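1. Let me see the structure of the following:
(one chain, ligands or ions: 1)
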Amino acid sequence: MDALTDEQRACLRLSLVALERELERVHEASADGAAPVELDQPIGRISRMDAIQQQRMLQANRAAMQRRLQLARAALRRFDEDEYGGCVACGEDVGFRRLEAQPEAPLCIACQSRSEQRG
Ligand SMILES: [Zn+2]
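-> Predicted structure coming up:
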C-alpha cells in the first residue's frame, strides 16, 4: 500500500477535524435524552418501558459515538506526531481509500479483521 501524499494527508486531517466537531456536537445534543428515566414520572407502565428501551438505545449510540470520538482524537494526535497513516499495530500503511472512508481508523484492514476475529 502506498504512503499518503501531502495532499491526501491534508484532506484527511480536514475530515478528522470535521468528524470530531460533528461527534462532539451530536454527543452534547443527545445528553438530555440519556439522563436516567425518573421512576416517579407520571407515565404508564408501558410508556415507562418504552422510555427505558429508547434510553438504552440512545445510551448505546452515545457509547459508540464516544468511542469514535476517542479514535478521531487519537488520530489527530498521531497527525501531530507525524505518525498518521500508519497502522498502530503493525506499522504498515493503512491506505488512503480506507482512511477516506474512515479517517479515524487506527488499524490497517488486516489488523482490523484480526482484532474482530478475536472479538
Ligand atoms: Zn496492521
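2. show me where pLDDT drops low in this structure?
-> For the chain, the stretches with pLDDT under 70 are 1-2, 34-43, 119.
3. how about the residues of it that lie near the ion?
-> 87, 89-90, 108, 111 (C-beta under 5 Å from the ion). C-beta coordinates here come from the backbone N, C-alpha and C atoms, glycine included.
4. And the buried ones among the residues you listed, selectable in ChimeraX?
-> The ChimeraX selection below is limited to those of these classed as buried (16 or more other C-beta atoms under 10 Å):
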select :87,108,111
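5. so who does the most centrally placed residue in the chain touch?
-> Compute the mean C-alpha point of the chain, and by C-alpha atoms, centre = their mean the closest residue is Arg68, 1.2 Å away. Shown in contact with Arg68 (C-beta atoms under 8 Å, 6 or more residues apart in numbering): 19, 23, 104.
6. show me what contacts the nearest residue to the first one once chain neighbours are set aside?
-> Put plainly, it is Leu19. Once flanking residues are discounted, Leu19 sits nearest to Ala72: 5.1 Å by C-beta to C-beta, 6 or more residues apart in numbering. Contact partners of Ala72, counting by C-beta under 8 Å, 6+ apart, are 16, 19-20, 23, 103-104.
7. Pull out the buried positions in the longest helix along the chain.
-> In the chain, ranked by residue count with DSSP state H as the criterion, the top helix is helix 45-80. Buried positions in helix 45-80, judged by neighbour count with 16+ other C-beta under 10 Å: 58, 62, 65, 68-69, 71-72, 75-76, 78-79.
8. pull the CA atoms of whatever helix or strand comes next after that helix into PDB?
-> Downstream of helix 45-80, the next assigned helix or strand under DSSP states H and E is helix 96-101. Taking Å, rounded to 0.1, in the frame of the first residue of the first chain, the C-alpha atoms of helix 96-101 are listed here in PDB:
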ATOM      1  CA  PHE A  96      -5.900   6.300   1.500                       C
ATOM      2  CA  ARG A  97      -9.000   4.500   0.400                       C
ATOM      3  CA  ARG A  98      -9.600   3.100   3.900                       C
ATOM      4  CA  LEU A  99      -8.800   6.300   5.600                       C
ATOM      5  CA  GLU A 100     -11.000   8.200   3.200                       C
ATOM      6  CA  ALA A 101     -14.000   6.200   4.400                       C
END
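9. That concludes my questions; thank you for your assistance.
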